[in-house]
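Trainee: no sequence for this one, just the structure:
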């Protein structure tokens, strides 16, 4: 299926420093919201190889950043939710906006 979504307006506060200490709820959706991270069976999420990669990346954040704590995290077929706690203000600057890129390869069998 090819869904078309309206571009959402940013909920970020323009003058807020998101590198400040605090808990941040993060949602990341897959490209075109395709279900490429696994499937739900009997009310349980079954991760495929891509879902396991996402989970491993989440868990590896603690190895790369010593100023965070990881809280709840869940992988769904086409998105992830997580809570990251910044425990030490790092004074980071805002990065440049992400430039959307068209994937070079389409993943087969992306059905939910």
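Mentor: Received, thanks. Computed from a predicted structure; not experimentally measured. Numbering: from 1, shown residues only.

Trainee: start to end distance for stretch 14-22?
Mentor: The separation between the terminal residues of stretch 14-22, taken as C-alpha to C-alpha, to the nearest Å, is 17 Å.

Trainee: ok, now stretch 42-58?
Mentor: One end of stretch 42-58 sits 25 Å from the other (C-alpha to C-alpha).

Trainee: pull out the buried residues from that stretch.
Mentor: Of the residues in stretch 42-58, those scored as buried under the neighbour-count criterion (16 or more other C-beta atoms under 10 Å) are 51, 54, 55, 58. Any C-beta I mention is one placed from the backbone N, CA and C, and that applies to glycine too.

Trainee: could you find the closest non-adjacent residue to residue 12?
Mentor: With sequence-adjacent residues excluded and distances taken as C-beta to C-beta, 6 or more residues apart in numbering, residue 12 is closest to residue 18, at 7.2 Å.

Trainee: that neighbour sits in which helix or strand?
Mentor: Secondary structure here is read from DSSP states H and E; on that basis residue 18 sits in neither a helix nor a strand.

Trainee: so it touches residue 26, yeah?
Mentor: No. Taking C-beta atoms under 8 Å as the definition, residue 18 is not a contact partner of residue 26, at 10.7 Å.

Trainee: quick check, central residue of this structure?
Mentor: Residue closest to the average C-alpha location in the chain (C-alpha atoms, centre = their mean): residue 28, at 3.0 Å.

Trainee: tell me the one among the buried residues of stretch 42-58 nearest to residue 8.
Mentor: Checking the buried residues of stretch 42-58 against residue 8 by C-beta to C-beta gives residue 54 as the nearest, at 21.4 Å.

Trainee: tell me the confidence at that closest one?
Mentor: Per-residue confidence for residue 54 comes out at a pLDDT of 97.

Trainee: which strands or helices does the helix or strand containing it pack on?
Mentor: Secondary structure assignment for residue 54, by DSSP H and E: helix 49-64. Using 3 or more C-beta pairs under 8 Å, 6 or more residues apart in numbering; DSSP states H and E, the elements in contact with helix 49-64 are strand 44-47, strand 68-75, strand 79-86.

Trainee: contact partners of the first one?
Mentor: Looking back up the chat, that one is strand 44-47. Under the contact criterion C-beta atoms under 8 Å, 6 or more residues apart in numbering, strand 44-47 has outside partners 37, 38, 39, 40, 51, 54, 55, 74, 75, 76, 77.

Trainee: kind regards, and thank you for your time.
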